[in-house]
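S.K.: Structure for the following, please:
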Amino acid sequence: MSRAMCLIAAMLLVLPHAVSAQMQPHRAEYALRLGTSANAPRIGTAFQDITLDCTGWHIKRDISSEIAITSAWKLSLASKLDGEEARSGNGFRYRAVQIQNGAERDTKGKIQRSGKDLRAEIVSPTGPSQFILPPPTLMPVAAISHLVDRLKAKAAAFPALMFDAEVVGDAFLVDVTELEPGSLRPAPPADSPVAVPSSQSWPVFMTFTRGREQEQRPLFSVSAKVFDSGVLDRLTVDTGLLKVTADLQSLEMHKAPTCPGS
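M.R.: Numbering: from 1, shown residues only. Below is the predicted model:
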């Protein structure tokens, strides 16, 4: 996958223990822009819909972008994810489809905790693979809840392992640092403010490294505003060569179900 495709696919995987009460089901729409300047060109959109029923969490993500490399050469990128995560956080099934300039890549995966082992079974265009993930690896929704829990506990810096279905199809080691208030880039002046139901929020900076390989150099970094509802805004993804931003355009909060035994 090209570095640009990794950048776009990474935009909304950011940190999506058992699932706790902080995560609230919601549908969010984001505007993607190339660069961090006030007049950075808009290059696409991203939608994320996270719903919850009595069987578990359901994640739908749709990212589309077109980057003009030159006046005659444009890079068209798309990434779609459909996933189901157990309420316990012990299992995750997904299908990820990525398209780059018309070339499609289809991947299916199943992550399941069995005893002390967290087993991954991935089927991609390169063939099937099976491997054991580090036991602390969190699934997407559980990872968001863990992030909020640690920030609420006033942890200024902490690591976390999370499974990523779209960029590496493996575990990421995420190093999280809370930033000083006001340190995030300002919202684009052309955007209308979006109300986010929340009592707290935190500016954070995160680096993403391959979790099982423990590489010394992170693949990319992300800064974002994290709300205690699990909603993210003002994201900036930096690969070292490119920076892409995502800013909240609309938000719909879903009602959580009342389930037997909950």
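
S.K.: where does the stretch 1-150 of the chain have low pLDDT?
M.R.: The stretch 1-150 of the chain contains residues with pLDDT under 70 at 1-22.

S.K.: hey, what's residue 120 bridged with?
M.R.: residue 111, residue 131 (DSSP bridges).

S.K.: what about it, neighbour count?
M.R.: Residue 120 has 19 neighbours, counted by other CB atoms under 10 Å. C-beta: built from backbone N, CA, C; applies to glycine.

S.K.: tell me the contacts of it?
M.R.: Neighbouring residues of residue 120 by CB atoms under 8 Å, 6 or more residues apart in numbering: 109, 110, 111, 129, 130, 131, 132, 133, 163, 170.

S.K.: In this model residue 117 seems to touch the fifth one, though I could be wrong.
M.R.: Right, the one you point to is residue 130. No - the criterion here is CB atoms under 8 Å, and residue 130 misses it with residue 117 at 11.2 Å.

S.K.: just to revisit the earlier point, kindly reformat the contacts of residue 120 as a markdown table containing neighbour count and distance to residue 223.
M.R.: Listed next are the contacts of residue 120 as a markdown table, based on neighbours: other CB atoms under 10 Å; distance: CB to CB, whole Å:
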| residue | neighbour count | distance to residue 223 |
| --- | --- | --- |
| 109 | 19 | 28 |
| 110 | 15 | 32 |
| 111 | 23 | 27 |
| 129 | 13 | 32 |
| 130 | 10 | 35 |
| 131 | 13 | 31 |
| 132 | 13 | 32 |
| 133 | 18 | 26 |
| 163 | 27 | 22 |
| 170 | 18 | 23 |
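
S.K.: what packs against the host helix or strand of residue 106?
M.R.: Under the criterion of DSSP states H and E, residue 106 resides in strand 103-114. Under the contact criterion of 3 or more CB pairs under 8 Å, 6 or more residues apart in numbering; DSSP states H and E, strand 103-114 touches strand 91-100, strand 117-124.

S.K.: any idea how far residue 114 lies from residue 128?
M.R.: Per CB to CB, to the nearest Å, residue 114 is found 18 Å from residue 128.
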